[in-house]
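>>> Let's see this in three dimensions:
(4 chains)
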2 protein chains.
Amino acid sequence: MATINDVAERAGLSVTTVSRVLNNRGYISEKTRRKVYDTMAELNYQPNEIARSLLRKQSNLIGLIVPNVSHPFFGELTDAIEYHAYRLGYKLLLCNSQLDPAKERDYIEMMKRHRVDGIIMGSHTLEVQEYRNLNYPLVTIDRRIDAIPYVASDNGRGGELAAELLIGKGCRKIAHFCGNLQLDMLSNLRTTAFEDKLRSHGITFITLQTDMNVFDQQEYERLMATLFQSHPDIDGVFATSDIIASFVIKWCRKLGKEIPQDIRIIGYDDVNAATWVSPAITTIKQPIEDMGRLAVELIRKQIDGEPFETENVLPVGLIERETT
Amino acid sequence: MATINDVAERAGLSVTTVSRVLNNRGYISEKTRRKVYDTMAELNYQPNEIARSLLRKQSNLIGLIVPNVSHPFFGELTDAIEYHAYRLGYKLLLCNSQLDPAKERDYIEMMKRHRVDGIIMGSHTLEVQEYRNLNYPLVTIDRRIDAIPYVASDNGRGGELAAELLIGKGCRKIAHFCGNLQLDMLSNLRTTAFEDKLRSHGITFITLQTDMNVFDQQEYERLMATLFQSHPDIDGVFATSDIIASFVIKWCRKLGKEIPQDIRIIGYDDVNAATWVSPAITTIKQPIEDMGRLAVELIRKQIDGEPFETENVLPVGLIERETT
DNA sequence: ACGATTGTGTCAAACGATTGACATGTCAAA
DNA sequence: TTTGACATGTCAATCGTTTGACACAATCGT
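You can find the predicted model right below:
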């Protein structure tokens, strides 16, 4: 691969001059500028970003850790993050933790070695202490750790909205699929708020935990079987992801339950997949695009030393479709 | 951030010695080795991969370009690629082209500047000439360009299997949703093989083009409306992705068509989403995991100068579920 | 004709690590 | 006592680029 020296030599100029046109500094005549560009094209020269990064102490890389990009929520979030990172001139280093602490730790180390400019943590399976010691531009999705800036949507409000809708539709016995409550994530607020609301209305509910971030279809199926066997009379379901909701729909069909007459279902996230199934899923919309934009923005601000908000909670919305 | 000099100084050793323990070369006493590791931990030292890359002329980065990770097929493919890249010690640079040639070109340039060790092209919207001139370790997914190694699944066989199944089930008038036939992709072979088979059996068919890689829900809906309006009597559908198939299912429900009694539907890919909808989609399975593994493997072989196959066509399979 | 502006050059240091050449020393085996 | 393995050190070059300091011309306005 051609270097700046090759370009300078071939163009009959000094490296300094070539560097000057590359970086737009100092006086350069139009003729020289053109000569340099021509030669660059001729040699198919691309400035070596590695050398630049070394000198500038800036890699223009952002690390993103998610449980799994093939989960619709994280896929769409990754899309949004990639879009905004690109707009700001950053490249994205993608890591799937698979919710494996060892892999997550390993990836974080790798990223630090590669001197990424910041890390967006969509997965967080480690102990709080480890994140605290990181000492790095960081943004967390859906989890609050000390003073580390985070972006989340209003999970409490989401749970409330779901409860209100189901109550309003007259449901009397409701099942709720939530994520792993052991993990310290803000999405657990959905469950808290949802249960509080139901309790205050004296409505019966059953809460079932899943691992919503890396789906295990088998586990979902087992869970559905258990639920409908022990509680054949539930008339409402609040699932903490649209994917789980789609499994509920499947199971209802299998059991001959009419949706929404016999049972009402509400999902969460409003991923594209919510409209792929029929009936289309009523859901709580997370502003995925905005969350991605904000996450990137927060990294940028930390890099540029600008002030930033630590707590970034975005509004959610109810999207009513055909399952309620 | 601490450098190797800081470590050496603090440990009372020379950089050479520290470097020797880092790289496991030459004689090192157990005592010194421990001293170095302790000091590294103390200073929270991480060797600067940027400096290493510059010297070694190896970034350990693999670039991946896909139309869009939030498309289930590419999400799952990305997962597989990430998994195997990680196993081999590579990090993944993720790029969504959004099927925008300008963005794709721009990303390719960026990747070359960053000296990624190889590029996996899951999106290819540029002119053949541009890829030819790339002169870089490259692997293409589902597209054949000169001698550039590619991985694909047996699209021809896939189309054939779909046709055989539908014919076997007694369908007489079949609709086929294919991707953009203008793009020179191997997935077009599905269409060719499918149509050939139907023709040889004297079965009527209608082929409709979509842009399957970046889904536009609106477009799908429009397409469905058109199809069922002008051909209310179709009794079989072959969709070139499971997502499109799920839209067909939706539309059939809306029109009160029973699946599979009135109409049989077969999708393509066998992504997870194929089982989220009900009835679960009968589909042609692409070995996504293997495709990802092979793609990474092909990049590695090019980097390491090992011999490799240029044509890598993996077998597909029929997964019969509930829509046929 | 003077000084300012413009255009280009030379030189060297710096970024953080690796590596080869070579020197020096200790210690134990032969 | 000699030899060689083991252990560590010094020194300098290298990867490709940027940048500041400084020098030297040519050209321009006045």
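>>> and the residue in the stretch 51-200 of chain A that DNA strand D sits nearest to, how many neighbours?
DNA strand D sits closest to A:Ala51 of the stretch 51-200 of chain A, with a gap of 3.3 Å, by C-beta to the nearest atom of the strand. The way it works is simple: take the backbone N, C-alpha and C, and place the C-beta from them, glycine included. For A:Ala51, the count of nearby residues is 16 (other C-beta atoms under 10 Å in any protein chain shown).
>>> and the one helix or strand it maps to with chain B, contact?
A:Ala51 is located in helix A:49-56, with elements delineated by DSSP states H and E. Yes: applying C-beta under 8 Å from any C-beta of the partner chain, one finds helix A:49-56 in contact with chain B at A:Glu49, A:Ile50, A:Ala51, A:Ser53, A:Leu54.
>>> For the second one, give me the pLDDT.
In this prediction, A:Ile50 carries a pLDDT score of 97.
>>> contacting residues for it?
When contacts are counted by C-beta atoms under 8 Å, 6 or more residues apart in numbering or on different chains, A:Ile50 touches B:Ile50, B:Ser53, B:Leu54, B:Ser59, B:His114, B:Arg115.
>>> wait, the second one sits on B:Pro47?
No: taking C-beta atoms under 8 Å as the contact criterion, B:Ser53 and B:Pro47 are not neighbours in contact, 11.0 Å apart.
>>> Name the residue in those two with the higher neighbour count.
B:Ser53 (23 against 18).
>>> Let me see the confidence value for the residue nearest to A:Pro232 when sequence neighbours are not counted.
Excluding the flanking residues, the one nearest A:Pro232 by C-beta to C-beta, 6 or more residues apart in numbering or on different chains is A:Leu255, at 7.9 Å. Looking at A:Leu255, its pLDDT reads 93.
>>> re the thing from before, which pair in the contacts of A:Ile50 spans the largest distance?
B:Leu54 and B:His114 (11.9 Å; C-beta to C-beta).
>>> More neighbours: those two, which one.
Between B:Leu54 and B:His114, counting by other C-beta under 10 Å, B:His114 is the more crowded of the two (22 against 19).
>>> list the contacts for the residue lying closest to A:Gly236 once chain neighbours are set aside?
Nearest residue to A:Gly236, sequence neighbours excluded (C-beta to C-beta, 6+ apart): A:Cys171, at 3.1 Å. With contact taken as C-beta under 8 Å, 6+ apart, A:Cys171 is in contact with A:Ile203, A:Asp235, A:Gly236, A:Arg264.
>>> So what's the residue count around the second one?
What that stands for is A:Asp235. 18.
>>> Likewise for the last one?
One way to gauge burial is a neighbour count; for A:Arg264, by other C-beta under 10 Å, it gives 22.
>>> distance of it from A:Ala274?
15 Å (C-beta to C-beta, to the nearest Å).
>>> The first one too?
Using C-beta to C-beta, one gets 25 Å for the distance from A:Ile203 to A:Ala274.
>>> ok, A:Ala162 to B:Tyr45 distance?
48 Å.
>>> Name the residue in these two with the higher neighbour count.
Taking neighbours as other C-beta under 10 Å, A:Ala162 and B:Tyr45 compare with A:Ala162 leading, 31 against 20.
>>> can you pull the pLDDT of that one?
For A:Ala162, the predicted pLDDT is 98.
>>> Pull the contacting residues for it.
A:Ala162 neighbours (C-beta under 8 Å, 6+ apart): A:Arg190, A:Phe194, A:Phe238, A:Ile266, A:Tyr268, A:Ile284, A:Leu318.
>>> Tell me if I'm right that the first one and A:Ala163 touch.
This means A:Arg190. No: with contact defined as C-beta under 8 Å, A:Arg190 does not reach A:Ala163; the gap is 9.7 Å.
>>> how about the strands of chain A, start to end?
A:61-66, A:91-96, A:118-121, A:138-141, A:150-153, A:173-178, A:204-209, A:236-239, A:264-269, A:282-285, A:311-314, A:317-319 (DSSP state E).
>>> Spit out the contact partners of A:Thr192.
A:Gly156, A:Gly159.
>>> Please repeat the previous calculation with a cut-off of 7 Å.
Counting by C-beta atoms under 7 Å, 6 or more residues apart in numbering or on different chains, A:Thr192 makes contact with A:Gly159.
>>> any idea how far it is from A:Gly156?
In terms of C-beta to C-beta, A:Thr192 sits 7 Å off from A:Gly156.
>>> That's all I had, so thanks and see you.
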